[in-house]
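J.: Okay, structure incoming, though there's no sequence with it:
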């Protein structure tokens, strides 16, 4: 074997090894589509780039066209890591094995109901027999919590699912629905010209926020690297500026038990009811 041929073989082996290593360390990061894919990519892209740089693990942005499609992908375990709402975490930690990694520190998730600023509605009791816009059946704070409270107060409403938080706010602002469910973060992120037409008429109590969770195939060493990098980035002012664009607080380690209050809500009936329609 000539020296040139030996060098060529060694070179090919090195390239193959590097490509295999890249494949191992590139993880798909799925984000619940509360807003359009372009908006999510613009705000999450720089966050994932910094996290990738700090951890040495390439995180690839991914989302879905709507929340039901996102749920299908979670159920199939298509995302290596995912940012998901509390109900999704409780559901897909059980069915698909996703494991909590991190959550926002000192943050409680609250649902809201919005109406047009010029609406005569001042209390949710006035929503009886009204059609309410919601992003999707399993959107936790924006749909599940408001529907549960309305039912508990024997306020009979009809649900109209419009697939995203942005669509809810637009539907109410344009008068297509008298009220809609959302969360403060997406409400604050909606365009000013839309927000100026809306008024918050109800706010829920607080619940543990969205989870960042890993697929069960992600090994513990990788999880530890990702978490350690995230905690280091909490001390980085440039990273804090990036997550501020998402209206996020710094992150902390999360455990499965953090979502016990969500499990105790007894809200599975709503989803079963929606699925049967």
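T.: All right, it came through fine. All values reported here derive from a predicted model rather than from experimental measurement. Residues are numbered from 1 along each chain as shown.

J.: Show the backbone phi and psi for residue 78.
T.: Per-residue torsions, residue 78: phi -80, psi -20 (degrees, to the nearest 10).

J.: Might one say that it is in contact with residue 63?
T.: No: assessed by CB atoms under 8 Å, residue 78 is found out of contact with residue 63, at 11.5 Å. Glycine gets a C-beta too; all of them are placed from N, C-alpha and C.

J.: What segments of this protein are strands?
T.: Secondary structure of the chain by DSSP state E: the strands cover 26-31, 58-62, 81-84, 99-104, 111-116, 131-134, 158-161, 179-183, 198-203, 211-214, 251-253.

J.: and of these, who's closest to residue 143?
T.: For residue 143, the closest of these is strand 131-134, at 4.1 Å, according to CB to CB.

J.: Run through the neighbouring helices and strands of that closest one.
T.: helix 145-152, strand 158-161, helix 165-173, strand 179-183 (3 or more CB pairs under 8 Å, 6 or more residues apart in numbering; DSSP states H and E).

J.: re the thing from before, can you put the strands of the chain in CSV and add mean neighbour count, mean pLDDT and distance to residue 144?
T.: Below are the strands of the chain laid out as CSV (neighbours: other CB atoms under 10 Å; pLDDT from 0 to 100; distance: least, CB to CB, whole Å):
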stretch, mean neighbour count, mean pLDDT, distance to residue 144
strand 26-31, 20, 97, 19
strand 58-62, 18, 97, 24
strand 81-84, 26, 97, 13
strand 99-104, 21, 98, 18
strand 111-116, 24, 97, 8
strand 131-134, 23, 97, 9
strand 158-161, 15, 95, 11
strand 179-183, 28, 97, 9
strand 198-203, 16, 98, 14
strand 211-214, 26, 98, 15
strand 251-253, 17, 97, 24
